[in-house]
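> Give the three-dimensional model of this entry:
(one chain, ligands or ions: 1)
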Amino acid sequence: MLRGFVNTFAGNPLDRAADRRGDLSWQKAAILRPDALALVLSRGRPLVEADPGGDLRIAYVRGDLTLQLSAEAPAFLGLWKETPIFAVEVEGAPPLLAGAGGFEELREIALRLPATEAAICATAKGLFAWRERHRFCANCGAATESAEAGWKRRCAACNAEHFPRTDPVVIMLATYQDRCLVGRQERWPARMFSALAGFVEPGESIEEACARELKEEAGLTAVSVRYHSSQPWPYPSSLMIGLIAEVTGDQVVPDPVEVHEHHWLTRDEARAVIAGTHPLIRKTSPVAIAHSLLSAWAEGE
Ligand SMILES: [Zn+2]
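Just a heads-up that it's a prediction; the model follows:
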């Protein structure tokens with residue numbers, strides 16, 4: 001078992017069995033197996049149902065049903081022990097699925113699903129979001145076709161191969177002495193603050209991206225950058241890289257475009273934010289990696 005901090009949407013328990021993806025005869029047989037299961041999504045929202053023992057769970061359908069639900073080949077997510085697990089995206093709410101549960105926005109229900117199932121949903125959501133954006137070849141503009149059980153797009157016109165994208169984003173808690181920095185964008189809901197964040201640019205290391213973002217968004221100078229944990233974030237294809245960065249001072253020069261307001265928090269205040277008792281800052285969502293970073297720092301990491 002892999003050790004380390006597991007954020008929401010990480011911890012997919014499936015064996016991705018990538019060696020099976022290109023085996024067409026195995027794939028064709030696997031989808032028809034009576035034990036094969038499929039996760040269904042509609043516009044990125046997974047089909048879920050009430051779980052008698054808890055809150056919500058994935059409403060898996062039989063693997064062979066996917067052939068009636070969509071003209072596109074299902075994606076192979078992997079194996080749960082010996083059981084093949086597929087995913088299919090449908091239009092709207094097909095009558096075939098009447099009574100099978102409901103489609104829900106993943107971010108809103110992530111904490112009501114078992115963590116492992118939230119991670120499986122995030123995998124399928126990210127994969128289908130990529131497919132939707134890569135129906136045409138980025139090299140020559142011709143239509144692409146699915147390969148490797150949904151994990152590759154191939155262009156018959158120029159032979160280019162396209163693979164699912166993962167875009168690295170640095171998200172960092174700046175610390176100075178015994179305080180840490182959170183900021184908010186003007187368009188966010190009232191009292192919502194988070195760690196600062198930004199995309200890694202070409203030619204940058206993770207540490208350099210972190211230092212640049214802190215300089216751009218808050219005028220701060222980083223002297224050390226420590227990795228905490230990461231999080232797949234399928235909106236649509238980010239990998240959040242959670243960092244704790246020590247800076248040389250607490251004089252903030254806000255970026256007038258990106259960050260509207262900042263707060264330096266003591267550890268006590270950070271604990272109050274996490275508990276939802278801070279007078280000015282609303283509780284951070286446990287779904288977000290910013291919550292993990294703030295909790296880790298508040299507890300002395
Ligand atoms: Zn092409």
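> in stretch 131-144, what's buried?
Arg131, His134, Cys137, Thr144 (16 or more other CB atoms under 10 Å). (Glycine included, C-beta is placed from N, CA and C.)
> which ones among the residues you listed are found in helices?
Judged by DSSP state H, the subset of the buried residues of stretch 131-144 located in helices is Arg131.
> of all the buried residues of stretch 131-144, which two lie farthest apart?
Maximum pairwise distance among the buried residues of stretch 131-144 (CB to CB): 13.4 Å, between Arg131 and Cys137.
> which among the buried residues of stretch 131-144 gets closest to the ion?
Cys137 (3.1 Å; CB to the ion).
> Which residue ranges of the stretch 101-250 of the chain form strands?
102-103, 144-147, 152-155, 161-162, 167-176, 179-184, 196-199, 222-233, 238-247 (DSSP state E, counting those that start in this stretch).
> Could you dump these into JSON lines with distance to the ion and mean pLDDT added?
Shown next, in JSON lines, are those (distance: least, CB to the ion, whole Å; pLDDT from 0 to 100):
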{"stretch": "strand 102-103", "distance to the ion": "33", "mean pLDDT": "96"}
{"stretch": "strand 144-147", "distance to the ion": "7", "mean pLDDT": "97"}
{"stretch": "strand 152-155", "distance to the ion": "3", "mean pLDDT": "98"}
{"stretch": "strand 161-162", "distance to the ion": "9", "mean pLDDT": "98"}
{"stretch": "strand 167-176", "distance to the ion": "22", "mean pLDDT": "98"}
{"stretch": "strand 179-184", "distance to the ion": "42", "mean pLDDT": "96"}
{"stretch": "strand 196-199", "distance to the ion": "26", "mean pLDDT": "97"}
{"stretch": "strand 222-233", "distance to the ion": "28", "mean pLDDT": "97"}
{"stretch": "strand 238-247", "distance to the ion": "26", "mean pLDDT": "98"}
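> For Ala18, find the nearest of those.
Per CB to CB, nearest to Ala18 of these: strand 152-155, 10.7 Å.
> Point out the other helices and strands that the closest one packs with.
strand 144-147, strand 161-162 (3 or more CB pairs under 8 Å, 6 or more residues apart in numbering; DSSP states H and E).
> which residues does Lys152 bridge with?
Ala147 (DSSP bridges).
> State whether it and Glu161 are indeed in contact, as I suppose.
Yes. The pair Lys152 / Glu161 is scored as a contact, 5.9 Å apart, by CB atoms under 8 Å.
> Compare the two (neighbour count), which wins?
Lys152 (17 against 13; other CB atoms under 10 Å).
> any idea which helix or strand carries Trp264?
Element membership for Trp264 (DSSP states H and E) is strand 261-266.
> buried residues in that strand?
His262, His263, Trp264, Leu265.
> And stretch 174-185, by the same measure?
Ala174, Thr175, Tyr176, Arg179, Cys180, Leu181, Val182, Gly183, Arg184.
> What of stretch 50-61?
Leu56, Arg57, Ile58, Ala59, Tyr60, Val61.
> how much space between the fourth one and the ion?
Read it as Ala59. 37 Å (CB to the ion, to the nearest Å).
> who touches that residue in this structure?
Val40, Leu47, Val48, Glu49, Ala100, Gly101 (CB atoms under 8 Å, 6 or more residues apart in numbering).
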